[in-house]
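[1] from the sequence below, what's the structure:
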Amino acid sequence: METTELKQQLKKQIITFLNLTSMQPDDIKDDEPLFGDNGLGLDSIDSLELIVLLHREYGIAIKDPKEGRKILIDINTMVAYIEANRTK
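    Next up, the predicted model:
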């Protein structure tokens, strides 16, 4: 799967997993922060959901919270990590 396709797929999965029903994939910019006031505004519960998403959909287990913070920055960092580490 190409990077562009993976980004679209991931955005759709995030919308579904986090129940962001008012959003469309195109509403999420690739470099937009996922957490904090300047981005999507996700919180720590959402980060756990994203970790579950990575494990369920891509076979990636994140055990270290520090590692998770480096990965769950934006769509670009998540996709780069998925491409380098996925097992599914």
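[2] count of neighbours near residue 19?
    By other CB atoms under 10 Å, the residues close to residue 19 number 9. Heads up, the C-betas are built off the backbone N, CA and C, glycines and all.
[3] same question, the one 3 residues further on
    Using other CB under 10 Å, the number of residues around residue 22 comes to 7.
[4] what do you get for the one 5 residues further on?
    When counting by other CB under 10 Å, one arrives at 12 neighbours for residue 27.
[5] that one and residue 38, how far apart?
    Note on residue 27: its distance to residue 38, by CB to CB, to the nearest Å, is 15 Å.
[6] how about residue 59?
    Taking CB to CB, one finds residue 59 at 31 Å from residue 38.
[7] show me where this structure has its helices.
    Ranges of helices within the chain are 3-17, 44-58, 65-71, 75-85, based on DSSP state H.
[8] the second one packs against which elements?
    Packed against helix 44-58, as judged by 3 or more CB pairs under 8 Å, 6 or more residues apart in numbering; DSSP states H and E, are the following elements: helix 3-17, helix 65-71, helix 75-85.
[9] can you flag the weakest of the ones you listed by average pLDDT?
    Note on the helices and strands packed on helix 44-58: helix 65-71 shows the lowest mean pLDDT, a mean of 88.
[10] so how far is it from its chain's centroid?
    Here helix 65-71 shows a centroid-to-chain-centroid distance of 12 Å under the convention CA atoms, centre = their mean, to the nearest Å.
[11] ok, stretch 2-13 next?
    Centre-to-centre, stretch 2-13 and its host chain are 10 Å apart (CA atoms, centre = their mean).
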